[in-house]
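In: 3D, please:
(4 chains)
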4 protein chains.
Amino acid sequence: MIIVMKPGASKKETDHVIKTVEERGLKAVLLHGTERDVIACLGDKRDIAQDFWNAIPGVEKAMPILSPYKMASREVKPTPSQIRISKGFSFGGKKIGVIAGPCAVENKAQLLSIANSVKKSGAIALRGGAFKPRTSPYSFQGLEEEGLEYLAETREEVGLPVVTEVLSPEHVEMVGRYADILQIGTRNMGNFVLLKAVGEQPKPVILKRGMSATLDEFLLAAEYILSRGNTNVILCERGIRTFENHTRFTLSLSAVPQLKQLTHLPVIVDPSHGTGYRHLVNPMSKGAVAVGADGLLIEVHVDPEKAFVDGAQTITTDNFDTLMKELKPVAQAVGRDI
Amino acid sequence: MIIVMKPGASKKETDHVIKTVEERGLKAVLLHGTERDVIACLGDKRDIAQDFWNAIPGVEKAMPILSPYKMASREVKPTPSQIRISKGFSFGGKKIGVIAGPCAVENKAQLLSIANSVKKSGAIALRGGAFKPRTSPYSFQGLEEEGLEYLAETREEVGLPVVTEVLSPEHVEMVGRYADILQIGTRNMGNFVLLKAVGEQPKPVILKRGMSATLDEFLLAAEYILSRGNTNVILCERGIRTFENHTRFTLSLSAVPQLKQLTHLPVIVDPSHGTGYRHLVNPMSKGAVAVGADGLLIEVHVDPEKAFVDGAQTITTDNFDTLMKELKPVAQAVGRDI
Amino acid sequence: MIIVMKPGASKKETDHVIKTVEERGLKAVLLHGTERDVIACLGDKRDIAQDFWNAIPGVEKAMPILSPYKMASREVKPTPSQIRISKGFSFGGKKIGVIAGPCAVENKAQLLSIANSVKKSGAIALRGGAFKPRTSPYSFQGLEEEGLEYLAETREEVGLPVVTEVLSPEHVEMVGRYADILQIGTRNMGNFVLLKAVGEQPKPVILKRGMSATLDEFLLAAEYILSRGNTNVILCERGIRTFENHTRFTLSLSAVPQLKQLTHLPVIVDPSHGTGYRHLVNPMSKGAVAVGADGLLIEVHVDPEKAFVDGAQTITTDNFDTLMKELKPVAQAVGRDI
Amino acid sequence: MIIVMKPGASKKETDHVIKTVEERGLKAVLLHGTERDVIACLGDKRDIAQDFWNAIPGVEKAMPILSPYKMASREVKPTPSQIRISKGFSFGGKKIGVIAGPCAVENKAQLLSIANSVKKSGAIALRGGAFKPRTSPYSFQGLEEEGLEYLAETREEVGLPVVTEVLSPEHVEMVGRYADILQIGTRNMGNFVLLKAVGEQPKPVILKRGMSATLDEFLLAAEYILSRGNTNVILCERGIRTFENHTRFTLSLSAVPQLKQLTHLPVIVDPSHGTGYRHLVNPMSKGAVAVGADGLLIEVHVDPEKAFVDGAQTITTDNFDTLMKELKPVAQAVGRDI
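Out: Numbering: from 1, shown residues only, chains lettered A, B, ... in the order given. Got it, this is the predicted structure:
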């Protein structure tokens, strides 16, 4: 931590800051600058919030040197983590994994038909929402446990692990009984009670970036899960909120190589929610693979027009098959496979 | 809903859209434009997501005419709602209500001292967090039920109703037993399970705007609570996430007059979280009152430097007393009182 | 400047940074931290871009201590500047100045009628665009020199100083011949050639904040003008671009008290462009005065519906008269006058 | 245009809107909705600003159907434009063109050395700034005409066309004498006087997206150039301003496929400015090619640490050579070449 004193800070204020720093177990080095005093704090106390220092009289600003997360960082674990999701596939290796399926589970036949199709095209897991976080209370809220049952049955019949979202701590146990991978949605990245709950069970978690979260905040959300004992966290960039209006969100692909430098956790991309329009799913999937994503999460439906939710960003099973074929050479061009 | 067809849309596609519109119980009027066909849909079906229409082949975009919320709108209830929080005070009337207190409840003595002080200065309720949503898992997470007990005891001794945040559906009942007003924080505005839970109990709810929520999304979150039966919702602007870096968030004061035009619900402002710096709390409080806010939510501590949480944005009880004196003429200048 | 080395930086890299720091005339202090070395650079060299340091091998990040601007800062000039714009009025004193007029000069009669009206209501200057920066090449681009002539004639007849925008360095001399105050619009805040040009002439300049400029960038733009010799700069907050869609821009009122702490220059607010809607002009004007603005810039027309430009955000002369009456008690409530 | 009336709009107001629509040469169709009247305006009058309609009493909002630009649109010219920049290369064909060079021209030897190197690696043009738009007035402002001379000499010696930025209308003629392609920087995308000036000369123009411009605003800026007679416009995505802080800007790659659907003009990407960090240039270049960019603009220097400007985002000539080799298979994977 570097603490910058205000231009007119008194010696008494500066001494008080130094004393506080040392009381907290850090070493303080005072530097007299041209216009301001600066106190460098040596030692690793990233659990003391930056805000604490900012509150002390005479302090202009506190600037952290260390990242606020530990277990998620490359400094603590320099090699990439591999998160196993089935016998045949782990995220974080050479092979890029594509998870596909409908936004919402609607009925058994629909799910089975989509699952068979995406498996044939090369998907490594099936996605489908049973609990749906909807902006409007008047929109379809999901089939809930019935949807989870369809997912589990489909897994048995098709042989694909299933991914589904969990919305509430009280549902974690139930969802964990049916699903192979739990998903935390963008609106719940800051739902710390839920993060703790999924951190206390063993199934892998896909953690979506909050739509206005910085990468530090994103990795701290992962840290909530890791610090409770579950190290199987897969990060997912899904678009951030900006002034842009040609897409529903701005898919920030630079987050992928940056995250892969900061953390050992795998990073996947959701081009469906990240753009909101199906004509952008194909090019942005290619872009995601080219920048180094470990996987993709794509909304696919046999008949998007009939989808209960998110039809505008859902591609057909045929389009998905084409996309998978087109992604292969892109993956190979960057030394990966799919 | 206005549906704009793509320039090259076929007659078959247009006919299919018209048929779909009519199947949904709306009247379709086809307009042949210079370069595009446009289908105006007459009738009130705001429960059909805009997204549904966007998914139909040949459609370029669907543009809603009606707001997506109903119960929260001025059209349904043209007169301002008054939300009673104690014998002596309701939000939404001529008198502006200021809620003050520490970010987190730390111990009984601290809370009592702050409560007595802010009451004397004119606060109408006491705030204090018992469950704290913290960005880092290593930060203080609140005293939980012990904190709620201190709040309830302080209410008895001081005579101020208490406001505290609830983080999880499973805590709603417990928090409701101790608190007079439940607060939903910015990170939980999109936690729809929690919104439903507070909608099913009778205590007033302060709903903070999500830091990247549009006003439509904000009012739809309120609609989740209203539609479950709890009509005592107070909206709170608390800063949005933008590129600005001189503050932690950008306090969007124009949201206040705009919300008051769209909805009958009272609107308050949190200048502490909305700026992140204590030197901005005084001017932004005045600004909030001047633009028409019905109340303020301010972090106050006897010794901000010793506060466990958010010290940098917390003002002292002395500063608060001064602020209340300075706010009075501003309130009167806009035809209100405080 | 604080230079943070990468975790694995070699001694050779660290030595090279220290040598570079010292070659640039700064004193280097090396601090061995727990996980990283940090080099504190003592001395005032704010003309060396932060970017320069970031480019050196082994450097993780460079963090500036000093603000990048000098002449605009309170440290260089602690007392507020007063910018005189007429015999009767200077910006930066106790009295708040309101500049009013049409977005574009349309004809002499229109201008004269508006000028007489706003003067009577208490405006201290008349605004009106002769060169209009329009998003579309097909929109009205302004009357150019003819418009300037109308402005100058109106000044003579009504006795109000006139403010008008200059779009290009080659027009600075001509606009300066007619106008009393030159305005630099939001789209030209980063037009450094134009900033230099208005810095080399003596008339006061209203510098509008770029719609995506940080306060540092805004003050550096002012510094371009100041450093060329013209110290008569008035800063204007006019809304920033964010994800919000209920307004055309988000008027960031917290910029006002923050700027007034950082700089001695007066700060005014444009609630017309800052919101884009006339129903928000009245409340946001009051908010601007309450947070400490030194003035307002408001679009007024006798018949907004007939205005060539920006009708939706323009208020009538009657509304303006009411607004001025309503602003007076707000100004007095915060120790100012209007 | 679709005009939505306010809920309580009177018949007189509605009739007045219809009359105004018809006076402007459009056909008005009145639709009585459940809660509001809607007036559909048929005909192509995109030169009437949306704002005009919003200003009429009783109007709630006006929603445009047609895009505000014409010449830049695919509707006017459905096939992709090819912009020739040398005997051997045109932007907009199968081959992706990479422009490389230093941020600023520093001296002849440096430029020659970089030019020879990037040509060998496969660059199709040399970039280099002679007039530099710098945030701070104390930063290096470029060699101006001397820099242009070095660029022209280097072109003769190396055989690469040269790209350089023009900052001011009065320099357009001079820059055009030396350079093969003129660049308009992000800060000047809304400098309409400059856009008109480059629209009246024949050299190709690289138009960078304003850092907070929507795609409509970006294409309208192109329209300024096209409508003055110069149809050789190349669009460049260079990062937008968002809340993200791990990069200097957020490179919005979804703008590429979206622009290519809206316009016939070629679209290139600047991953150097778009991220601000050299370690992101390689992955984001691959991402840009994968999403369909027609070219790249990359900052390259023999010794980035010694670069006068933007060292932190500049890659070495060696890194550039590697990048070009790595881009080839990515280009081929999406059916292009490089």
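In: so residue A:212 makes contact with residue D:243?
Out: Yes: taking contacts as CB atoms under 8 Å, residue A:212 lies within contact range of residue D:243: 6.2 Å. For every residue, glycine as well, the C-beta is placed using N, CA and C.
In: Mutual contacts of those two, please.
Out: A:240, B:241 (CB atoms under 8 Å, 6 or more residues apart in numbering or on different chains).
In: What residues does the stretch 101-250 of chain A have near chain D?
Out: A:212, A:214, A:215, A:240, A:242, A:243, A:244, A:245, A:246, A:247, A:250 (CB under 8 Å from any CB of the partner chain).
In: what about the fifth one, how many neighbours?
Out: As a burial measure, residue A:242 scores 27 neighbours (other CB atoms under 10 Å in any protein chain shown).
In: And for residue A:109?
Out: 10.
In: Shouldn't it be within a strand?
Out: No: under DSSP: H, G, I helix; E, B strand; the rest coil, residue A:109 sits outside any strand and is assigned helix.
In: near chain C, which residues of the stretch 101-250 of chain A?
Out: A:241, A:242, A:243.
In: Save these as TSV, and put in secondary structure and pLDDT too.
Out: Converted to TSV, those look like this (DSSP: H, G, I helix; E, B strand; the rest coil; pLDDT from 0 to 100):
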residue	secondary structure	pLDDT
A:241	coil	98
A:242	coil	98
A:243	coil	98
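In: Between those, which sits nearest chain B?
Out: residue A:241 (4.2 Å; CB to the nearest CB).
In: Now the closest one: closest residue in space that isn't a chain neighbour?
Out: residue B:212 (4.2 Å; CB to CB, 6 or more residues apart in numbering or on different chains).
In: same deal with residue A:335?
Out: residue A:94 (7.7 Å).
In: What does that neighbour show for phi and psi?
Out: Geometry field for residue A:94 lists phi and psi as phi -70, psi -30, criterion degrees, to the nearest 10.
In: Strands of the stretch 201-338 of chain A, residue ranges please.
Out: A:205-208, A:233-237, A:267-269, A:295-301, A:315-316 (DSSP state E, counting those that start in this stretch).
In: got the contact list for the third one?
Out: Spelled out, that is strand A:267-269. By CB under 8 Å, 6+ apart, the list of residues contacting strand A:267-269 reads A:91, A:97, A:99, A:206, A:234-238, A:251, A:253, A:255-256, A:259-260, A:284-285, A:288, A:292-297.
In: quick one: strands adjacent to that strand?
Out: strand A:233-237 (parallel), strand A:295-301 (parallel) (DSSP bridges).
In: Distance from the first one to the middle of the chain?
Out: A distance of 3 Å separates the centroid of the chain from that of strand A:233-237, by CA atoms, centre = their mean, to the nearest Å.
In: Domain map for chain A?
Out: Domain assignment for chain A by automatic domain parsing gives A:2-63, A:83-333.
In: which non-adjacent residue is nearest residue A:310?
Out: That would be residue A:103: by CB to CB, 6+ apart, it lies 4.0 Å from residue A:310.
In: er, residue A:147 I mean
Out: That would be residue A:130: by CB to CB, 6+ apart, it lies 3.0 Å from residue A:147.
In: Contacts only, for the residue nearest to residue A:241.
Out: A:211, A:212, A:241, B:240, B:241, C:243.
In: so residue A:3 touches residue A:62, yeah?
Out: Yes: assessed by CB under 8 Å, residue A:3 is found in contact with residue A:62 at 5.1 Å.
In: now the residue nearest to residue A:335: how far from residue A:331?
Out: Separation of residue A:94 from residue A:331 (CB to CB, to the nearest Å) stands at 9 Å.
In: Also residue A:175?
Out: Counting by CB to CB, the gap from residue A:175 to residue A:331 is 31 Å.
In: count of residues packed around the residue nearest to residue A:335?
Out: 10.
In: Make a PyMOL selection of the buried ones in the contacts of strand A:267-269.
Out: The following PyMOL line selects those of the contacts of strand A:267-269 that are buried, judged by 16 or more other CB atoms under 10 Å in any protein chain shown:
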select buried, chain A and resi 91+97+99+206+234+235+236+237+238+251+253+255+256+259+260+284+285+288+292+293+294+295+296+297
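In: more crowded one of residue A:3 and residue A:62?
Out: Counted by other CB under 10 Å, residue A:3 and residue A:62 do not tie: residue A:3 has more neighbours, with 26 against 22.
In: So the helix or strand harbouring the more buried one, near chain C or not?
Out: With secondary structure defined by DSSP states H and E, residue A:3 is part of strand A:2-5. Yes: interface with chain C: strand A:2-5 contributes A:2, A:4 (CB under 8 Å from any CB).
In: What is that strand packed up against?
Out: Secondary-structure packing of strand A:2-5 (3 or more CB pairs under 8 Å, 6 or more residues apart in numbering or on different chains; DSSP states H and E): helix A:11-23, strand A:37-42, strand A:59-63.
In: what's the first one in contact with?
Out: Taking CB under 8 Å, 6+ apart as the criterion, the residues outside helix A:11-23 that touch it are A:3, A:5, A:27-28, A:30, A:37, A:39, A:41, A:53, A:56-59.
In: and what of the last one?
Out: Applying CB under 8 Å, 6+ apart, the contact partners of strand A:59-63 are A:1-7, A:9, A:17, A:36, A:50, A:53-54, C:2, C:63.
In: And the strands in the stretch 51-200 of chain A, which stretches?
Out: Under DSSP E, counting those that start in this stretch, the stretch 51-200 of chain A gives strands at A:59-63, A:83-86, A:89-91, A:97-101, A:125-127, A:162-165, A:181-184.
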